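> What follows is a protein structure lacking sequence information:
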């Protein structure tokens, strides 16, 4: 499903994170190197991070709902999941979701790359900055770029 072709197009030190949605608990073609269990200031992530190699690129995989779908969307500790990716040096995250569509031509099995989204998840913190310092504004504009910018 995912072939980054990292060895040919991206810098060798680039780490990509993949967060799997419902039904995606592992990645076909990924060679598992190790699992990493982390604690974060936000608590435990959904599962262990799975460090893999794909086509010469290190890819960190995390099943969003935990293996076996242990957490429903409102129970997923999104802050811990993202913070853990940062601790592991991930620079880009690809989040995969299994959702429906209102367009008849988009059917199960199709892959769609979105250019906007609405988060309707309820009952969880919506930001890293709800209390304490620093207070900051985060935006999703850059998260939806069509391709990564050049490395610094």
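Nice, I can see it. Owing to the predicted nature of the structure, the values given are computational and were not obtained by experimental measurement.
> tell me the strands in the protein, going along the chain?
Taking DSSP state E as the criterion, the chain carries its strands at 16-20, 31-36, 49-54, 57-63, 92-95.
> May I see the ones you listed organised as CSV, with mean neighbour count added?
Every C-beta, even on glycine, is put in place using the N, C-alpha and C of the backbone. As requested, the strands of the chain are exported to CSV (neighbours: other C-beta atoms under 10 Å):
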stretch, mean neighbour count
strand 16-20, 24
strand 31-36, 12
strand 49-54, 20
strand 57-63, 23
strand 92-95, 15
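> mind putting the ones you listed in CSV, distance to residue 119 and mean pLDDT included?
Formatted as CSV, these follow (distance: least, C-beta to C-beta, whole Å; pLDDT from 0 to 100):
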stretch, distance to residue 119, mean pLDDT
strand 16-20, 14, 92
strand 31-36, 27, 90
strand 49-54, 23, 91
strand 57-63, 18, 91
strand 92-95, 11, 89
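> any chance of these in a markdown table, plus distance to residue 123?
Listed next are the strands of the chain as a markdown table, based on distance: least, C-beta to C-beta, whole Å:
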| stretch | distance to residue 123 |
| --- | --- |
| strand 16-20 | 20 |
| strand 31-36 | 28 |
| strand 49-54 | 25 |
| strand 57-63 | 21 |
| strand 92-95 | 20 |
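> What residues of stretch 85-102 count as buried?
Across stretch 85-102, burial judged by 16 or more other C-beta atoms under 10 Å covers 85, 88, 90, 93, 96.
> Longest helix in this structure, please.
If each helix of the chain is counted by residues according to DSSP state H, the longest one is helix 78-87.
> average pLDDT for that helix?
Averaged across helix 78-87, the pLDDT comes to 94.
> lowest average confidence, helix or strand, in the protein?
Sorting the helices and strands of the chain by mean pLDDT, DSSP states H and E puts helix 6-9 at the bottom, at a mean of 49.
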